[in-house]
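Q: Let me see the structure of the following:
(chains A and B)
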Amino acid sequence: MHELFLISHCSDEDVPKATKLLQGFCEMAPVSIINRRLIWEAPQVPKQRGLDPQFLMRQPQHRLPLWKALQDSLTRQAYYVNLVYGVSRDQFASVATDVRNEEGREREQLSLDDMPGSLYWVDWPDPKSSRPVNSRNAASMDNERGLCSLMRSMGYKLNKEIIEEGFRFIHGNVIIHIHRYFDTPSTVQEVVKATFSTALPSYESLIPFDSENKWIVKAQVDVLNANDQDHVQKGIDELLSVRDAFDGYFDFPVLERRMLDTRVRT
Amino acid sequence: MGSMPADFPISLQPWPSKNNDSASTLPTFFQRIYVERGGLRNITEESLRKEIADEEAAAAAGKDDGDVEEEPLKEEPDRLKELMTARADMLDHVHLAHHEALLALDAVSLLLTKDLPNQAITTTNPQIRDIVPMGSLGADKLSASRYTEAQKLDNKRVAKGWKIQSLNNAVDSILASATRLENEIAKETKYWEQILDVSDAGWSLCRLPNEKHTLGVRFGFAESAPAFKNRSLAAFRRNPDGTIYLDQGLASTEPHALRVRIRTLSEETGSSTLPLPLSDDAPIESIVLQARNTIFATELWQELNRESRLLGSYGVRSYDDTVMCPLTAHKKMVLDLVPLAESYLPTAQPDDNLAEGISLSLHLFLSAAHRRKHRSRTQIPPAISNQKQNAEPYSLLRPLITRMNHQSAITSTHRLFKPLCAALASAKVTPEATYDIETTPPPAALVNSISITEATILALTDRLESIVTFKVTEKTSVIVKLRTATQQVCNTTHTIILSPESPLNITCKAPRPLDQWSKVEEYVLYATSCALASSFSQPLGHEEAGTWEPTISADALRRIDADETAGRGMQLSFQADLNKGIAKLRVRWEHSSQSSYGADSSNGKRFGKGEGEYEWRSSGDEPRSADWEDGEGEVVRSLQEVVEGVGRS
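A: Okay, the predicted model is just below:
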């Protein structure tokens, strides 16, 4: 799958107005999203192991081509891979209870392996071409369980966890996200690395990723086959119509490849 | 020549000509000819004359064309010239006036220098002061002023009159502009009041994208088809009297509504109510509401037409301006889009409620379809690929057809089982045969993910399931599952299940899911007779003399009598029947020969000795029995009695 996208940013105080504009533009109410993103780092070995064949055999027939394409990319190079789990606001612990302090009350510590999640991998962007948008190879395998074990079987290491919070809008084929990112406290990070537990820290303990509290606006269109020029052009046209509609409000420049490099530096 | 002085100028040049036109001197002439014509060789008098004639002709022709073009061009410079000359004139006049005024000033100040030297000197021109000595002019009254008092008074009055007139004019113009301003304010206030009324009623106002200074209202639906979305914005424009009217642009403003009529055997028996059209001076928010209802009805009509093309197999027919859909065996509904007219006077008809209900539900289904479209549009779209997204028409008639089918299935259920149970009751079958209908609610997983209104609609029109449990005998229950769903086929599927301990599982197995009620009826009647037969027979392998044994026909039993010669016995057959709403239960016994085990006896009514039949019937009131052997009016015997008495007489 190929992802065509444009990225901009928005300051914190402009976010309510931005969401109202997007609401009117897309004619829908914003869908509130909170995700846990676990960033896994590939081992720095000369030959990558790739996906576990046992896992591949268990996949349904219609998903196999997508997994195989992913397998090709992951065996070639060491990448950073994201595992995304959707959570809701009330799953965050309240300030009073701490993740580790569970005396007197046994809360079931589920492993993330039991929860459905998505595996999200993106390649580093295509070189600068005549296309007025950024584009890159991507794979997004939704609704899968046992992803943490899969990563471990490939020799990947959990690097860090970030919390992504924001809104999603849909306009035709274009998905528009407006998100901000948080770091979890380091104590919690250690626990998650060890046990892949589903417990979350309190919402208030999250540390904003960006000191200026900026939100990232991303408009993306997915195209199944990058070689089909008609589809790619259709995607580009839709993205550009979004860009032009918000001209003067959001600035969507074409970004440098190096800024979005997802390969592990050796 | 000695007489000429030495410095006498002599010139051999010709006298200089008066017209110093360098163009016409001979050397320049020759030069020009050489340059233009390349020499004198080709020039003759005739050619020159011809050239002149041609030029004149061309000039005359060109002037006519050039005149028209040049005139406007000339007009421009003329106007400019006019302006400049006028300006120059004006300046001249002003200068002249200034000059005259200065002269007058000088004259008067000179005069005044005699009497008021100090003040006068300041106003005199310094040049005059130098030329003319001060105080050199004097003035004196010669005679009395010719202005008499009356004239002076007159002048004063005339001056006053002029002043009053001009003041009046000023006042009038101010009053006129004040009244105009007041009118404008009143109109503006009315305009904004009406706009506020519309906004308070909940309509969303916005600027027109084409004319940014005009307000408009969005009365359409966000999820309608693009053709209708384009028509859903109307502008508010002001009438001369200040009221606003709705300008829908190119769309027609005639209000329409969907009318549902019920026809029973080609006679109209019901019609839905239509609203009356609004008059022109109705409040603007009701006009907006009428426009919205019209666009909704128009879209509903279009979607109904689209869907009716797919439903031919259910009897739905679409004509130019009507759609017909059968409801029951005798009733059908006729849909059409009618303009609202004042002369519509409804008369009460028996099926009005049905028509009204159908009209309301069609509107609800369109809203539900819009909701579904919104939900699918706001989900994450799949990656762009060759997979085509087929735009299915909305299901508007299908839910109705589904519900009708299910309801008719349930009615058929009642029509079958009620008389049947009554007949069984009259035969005093113990335990009493009963039937029971239970409706299953829709699956929770489906209902939880959508809103309550959508869930209600879904529960009433889709995935309808009813379970009918018919208890015939102690061991035998027949369960009929009626399932009707909107997806794919709207007809009812009937699944029959027998209770596990029933002997019918061997003798009279339940068929695969059936699609027609008549087949279900057939099976149920047969199963009833088989169940009754099995209740009187011994199980296989336990044959004793003198008891009833099962035969190959599940609804017939035979008895080998111990004292009879081998091969002769009695055959007892049971039959349940339903005809025109009356259920009949018949028991027939006759002698059977060995060669005819379980063969169904002929329909001849002639019975030999020891043979006969007994029948129980259900009817609306009490069960009657038709007794072939005894006279009328006898006490009804129970099935048990009849069977036990078989062969004894």
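Q: how far does the lengthiest strand in chain A sit from the chain's center?
A: Determined from DSSP state E, the single longest strand within chain A is strand A:157-171. The chain centroid and the centroid of strand A:157-171 are separated by 5 Å, computed with CA atoms, centre = their mean, to the nearest Å.
Q: Stretch B:372-388 now?
A: In terms of CA atoms, centre = their mean, the centre of stretch B:372-388 is found 23 Å from the chain centre.
Q: returning to that earlier point: mean confidence score for the very next helix or strand once past the longest strand of chain A?
A: Downstream of strand A:157-171, the first helix or strand assigned by DSSP states H and E is strand A:174-183. For strand A:174-183, the mean per-residue pLDDT is 90.
Q: Then stretch B:377-384?
A: Averaging pLDDT along stretch B:377-384 yields 86.
Q: That stretch near chain A at all?
A: Yes - contact of stretch B:377-384 with chain A (CB under 8 Å from any CB of the partner chain) involves B:377-384. The C-beta positions use only the backbone N, C-alpha and C, and glycine is treated the same way.
Q: what's the closest of those to residue A:227?
A: residue B:384 (12.7 Å; CB to CB).
Q: separation between the closest one and residue A:221?
A: Per CB to CB, to the nearest Å, residue B:384 is found 7 Å from residue A:221.
Q: Please list the residues of chain A that sit near chain B.
A: With CB under 8 Å from any CB as the criterion, chain A comes near chain B at residues A:1, A:27-28, A:31, A:168, A:170, A:172-173, A:175, A:221-225, A:228, A:231, A:234-235.
Q: joint contacts of residue B:384 and residue A:221?
A: Residues touching both residue B:384 and residue A:221 comprise A:173, A:235, with contact defined as CB atoms under 8 Å, 6 or more residues apart in numbering or on different chains.
Q: from the residues of chain A next to chain B, which would you call buried?
A: Using 16 or more other CB atoms under 10 Å in any protein chain shown as the burial test, the residues of chain A next to chain B include A:1, A:28, A:168, A:170, A:173, A:175, A:221-223, A:231, A:234-235 as buried.
Q: returning to what we had before: flag every buried residue along the longest strand of chain A.
A: Residues of strand A:157-171 classed as buried: A:158, A:161-171 (neighbour count, 16+ other CB under 10 Å).
Q: Can you name the element that comes right after whichever strand or helix holds residue B:269?
A: Per DSSP H and E: residue B:269 is located in strand B:267-271. Tracing the chain C-terminally past strand B:267-271 and defining elements by DSSP H and E, one meets helix B:284-308 next.
Q: hmm, back to that, give me the sheet partners of the longest strand of chain A and which way each runs.
A: In the sheet, strand A:157-171 lines up against strand A:31-41 (antiparallel), strand A:174-183 (antiparallel) (DSSP bridges).
Q: same question for it, mean pLDDT?
A: Computed over strand A:157-171, the average pLDDT equals 89.
Q: now stretch B:127-136
A: On average, stretch B:127-136 scores 79.
Q: Likewise for stretch A:229-249?
A: On average, stretch A:229-249 scores 89.
Q: So which residues make contact with it?
A: The contact list for stretch A:229-249, computed with CB under 8 Å, 6+ apart, reads A:2, A:4-6, A:18, A:21, A:25, A:131-133, A:135, A:171-174, A:176, A:219-226, A:250, A:252, B:384-386.
Q: how about the CA coordinates for that stretch, as PDB?
A: Provided in PDB are the C-alpha atoms of stretch A:229-249 (Å, rounded to 0.1, in the frame of the first residue of the first chain):
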ATOM      1  CA  GLN A 229      -1.000   6.100 -12.200                       C
ATOM      2  CA  ASP A 230      -4.800   6.800 -12.400                       C
ATOM      3  CA  HIS A 231      -5.300   5.900  -8.800                       C
ATOM      4  CA  VAL A 232      -2.200   7.800  -7.700                       C
ATOM      5  CA  GLN A 233      -3.300  10.900  -9.600                       C
ATOM      6  CA  LYS A 234      -6.800  10.600  -8.100                       C
ATOM      7  CA  GLY A 235      -5.300  10.500  -4.600                       C
ATOM      8  CA  ILE A 236      -3.000  13.500  -5.300                       C
ATOM      9  CA  ASP A 237      -6.000  15.500  -6.700                       C
ATOM     10  CA  GLU A 238      -8.000  14.900  -3.600                       C
ATOM     11  CA  LEU A 239      -5.100  15.800  -1.300                       C
ATOM     12  CA  LEU A 240      -4.500  19.000  -3.300                       C
ATOM     13  CA  SER A 241      -8.100  20.000  -3.000                       C
ATOM     14  CA  VAL A 242      -7.800  19.700   0.800                       C
ATOM     15  CA  ARG A 243      -4.600  21.700   0.700                       C
ATOM     16  CA  ASP A 244      -6.100  24.500  -1.400                       C
ATOM     17  CA  ALA A 245      -9.300  24.600   0.700                       C
ATOM     18  CA  PHE A 246      -7.100  25.400   3.800                       C
ATOM     19  CA  ASP A 247      -4.800  27.700   2.000                       C
ATOM     20  CA  GLY A 248      -3.900  30.500   4.300                       C
ATOM     21  CA  TYR A 249      -4.800  28.600   7.400                       C
END
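Q: residue contacts, residue A:218?
A: Here residue A:218 is in contact with A:5-8, A:176-179 (criterion: CB under 8 Å, 6+ apart).
Q: If we use 6 Å, what do you get?
A: Shown in contact with residue A:218 (CB atoms under 6 Å, 6 or more residues apart in numbering or on different chains): A:5, A:7, A:177.
Q: Neighbour-wise, give me the winner out of the residues you listed.
A: Among the contacts of residue A:218, residue A:5 has the most neighbours (other CB atoms under 10 Å in any protein chain shown), with 24 neighbours.
Q: Report the buried residues of stretch A:197-217.
A: Going by neighbour count (16+ other CB under 10 Å), the buried part of stretch A:197-217 is A:197-203, A:205-206, A:214-217.
Q: actually stretch A:238-258, not the one I typed
A: Quick answer for stretch A:238-258 (16+ other CB under 10 Å): A:238-239, A:242-243, A:246, A:250, A:252, A:255.
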